[in-house]
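Participant: Here is a sequence together with a model predicted from it:
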Amino acid sequence: MYSADGEVVATGGLGKSTYDEDNYNCTYKVAVDGVPKGERFYKVEVSHRGTLQLSAEEAENGGFAGSLG
């Protein structure tokens with residue numbers, strides 16, 4: 001996870017996946033512990049697929065969702 005300035009502030013990993021046969025997609029749980037508070041927003045990157053931006057409120061409440069294509 002990156003701060004608004006692009007600095008790595010915490011790392012985490014993908015958890016177990018579930019597959020939705022009707023929609024042909026996988027859903028993964030994501031956990032990132034130790035994210036410091038105080039940023040306006042954060043950026044999340046999974047592997048080398050680019051970053052997704054989320055607000056501080058979304059990060060604190062676990063309200064992250066993204067799509068890898």
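Facilitator: Received it, and whenever you're ready, just let me know what you need. Bear in mind the structure is a predicted one, so any value in this text is a computation, not a measurement.
Participant: CA atoms for contacts and neighbours, from now on please.
Facilitator: Fine.
Participant: For the most centrally placed residue in the chain, give me its contacts.
Facilitator: For the chain, V44 is the residue whose C-alpha lies nearest the centre (CA atoms, centre = their mean; 4.5 Å). By CA atoms under 8 Å, 6 or more residues apart in numbering, the contact set of V44 is M1, Y2, T51, L52, Q53, L54.
Participant: now the fourth one, which residues is it bridged with?
Facilitator: Following DSSP bridges, L52 is listed with bridge partners V44.
Participant: So it sits against F41, correct?
Facilitator: No: in this structure L52 lies outside contact range of F41 using CA atoms under 8 Å: 10.5 Å.
Participant: Shouldn't A59 be within a strand?
Facilitator: No: checked against DSSP: H, G, I helix; E, B strand; the rest coil, A59 lies outside a strand; its state is helix.
Participant: now this protein, which segments are flagged as low pLDDT?
Facilitator: Counting by pLDDT under 70, the chain shows low-confidence ranges at 69.
Participant: For it, which segments are assigned as helices?
Facilitator: Along the chain, counting by DSSP state H, helices occupy 56-61.
Participant: which one in it is furthest away from the centre?
Facilitator: Distance to centre of the chain, CA atoms, centre = their mean, peaks at D22 (24.3 Å).
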